[in-house]
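Participant: Below are the sequence and a predicted model; questions follow.
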Amino acid sequence: MRGTHTHGWGAKKKHRGAGHRGGRGMAGSGKRADQKKSMLNVATYFGKHGFIKKNRRRAEAITVRDVVERLQEWIQQGQIAMQNNAYTINLTRLGYDKLLAKGPIRQKLNITVARATEQAIEYVQAAGGSVQIEGKQQAKDEQ
């Protein structure tokens with residue numbers, strides 16, 4: 001646009017910042033004058049709302065059914081072992097924090113995990129296995 005009088009910005013004064021559009025952000029919202037306040041929802045427009053905790057990590061969960069479906073894959077990778085006709089699985093080492101219930105199972109599983117729902121523990125115990133919760137035994141030993 002070189003060679004034109006305004007370089008495509010219309011009037012000369014329009015290429016000077018945010019002044020020609022009423023400012024940036026909250027400018028022109030009627031914070032000082034009264035004429036625009038009636039158009040704003042004051043409860044939601046002004047200020048900051050809510051927060052996001054940046055260091056929070058969501059718990060990785062897995063269902064009992066998914067554990068059974070992935071047994072062969074984990075055995076081939078050498079991540080779990082079979083002892084006394086039961087699969088010994090440390091879900092914490094596999095990257096899972098919580099065991100959830102979804103459907104009863106038939107395989108005998110000895111699972112170690114940080115957290116588990118009561119129904120997931122019932123399903124595993126009904127099949128003849130066990131669930132060890134990491135941290136709970138340590139707390140009992142300390143008392």
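Facilitator: Okay, I see it.

Participant: Please identify the buried residues of the lengthiest helix in the chain?
Facilitator: When the chain is parsed with DSSP state H, its longest helix is helix 118-126. Neighbour-count burial for helix 118-126, counted by 16 or more other Cβ atoms under 10 Å, picks out 120-121, 123-124. (Each C-beta comes from the backbone N, C-alpha and C, glycine too.)

Participant: In those, find the pair that's most separated.
Facilitator: Ile121 and Tyr123 (7.4 Å; Cβ to Cβ).

Participant: Spatially central residue for the protein, please.
Facilitator: Centroid-nearest residue in the chain: Arg58, 3.9 Å away (criterion: Cα atoms, centre = their mean).

Participant: so when I look at that one, I'm seeing a helix, right?
Facilitator: No. Per DSSP: H, G, I helix; E, B strand; the rest coil, Arg58 lies outside any helix segment and is coil.

Participant: contacting residues for the closest residue to Ala59 other than its chain neighbours?
Facilitator: Take Ala59 and drop its neighbours on the chain: the residue closest to it by Cβ to Cβ, 6 or more residues apart in numbering is Asp97, 4.2 Å away. Counting by Cβ atoms under 8 Å, 6 or more residues apart in numbering, Asp97 touches 59-61, 91, 113-115.

Participant: Apply 6 Å and report the result again.
Facilitator: Asp97 makes contact with 59-60, 114 under the criterion Cβ atoms under 6 Å, 6 or more residues apart in numbering.

Participant: Is it possible to mark the buried ones in the residues you listed?
Facilitator: For the contacts of Asp97, buried by 16+ other Cβ under 10 Å: Ala114.

Participant: which of the contacts of Asp97 lies closest to Arg2?
Facilitator: For the contacts of Asp97, the nearest to Arg2 is Glu60 (57.4 Å; Cβ to Cβ).

Participant: Spit out the contact partners of the closest one.
Facilitator: Contacts of Glu60 by Cβ under 6 Å, 6+ apart are 95-97.

Participant: Check Ala86 too.
Facilitator: Applying Cβ under 6 Å, 6+ apart, the residues near Ala86 are 108, 110, 129.

Participant: ok, now with 8 Å
Facilitator: 108-110, 128-129.
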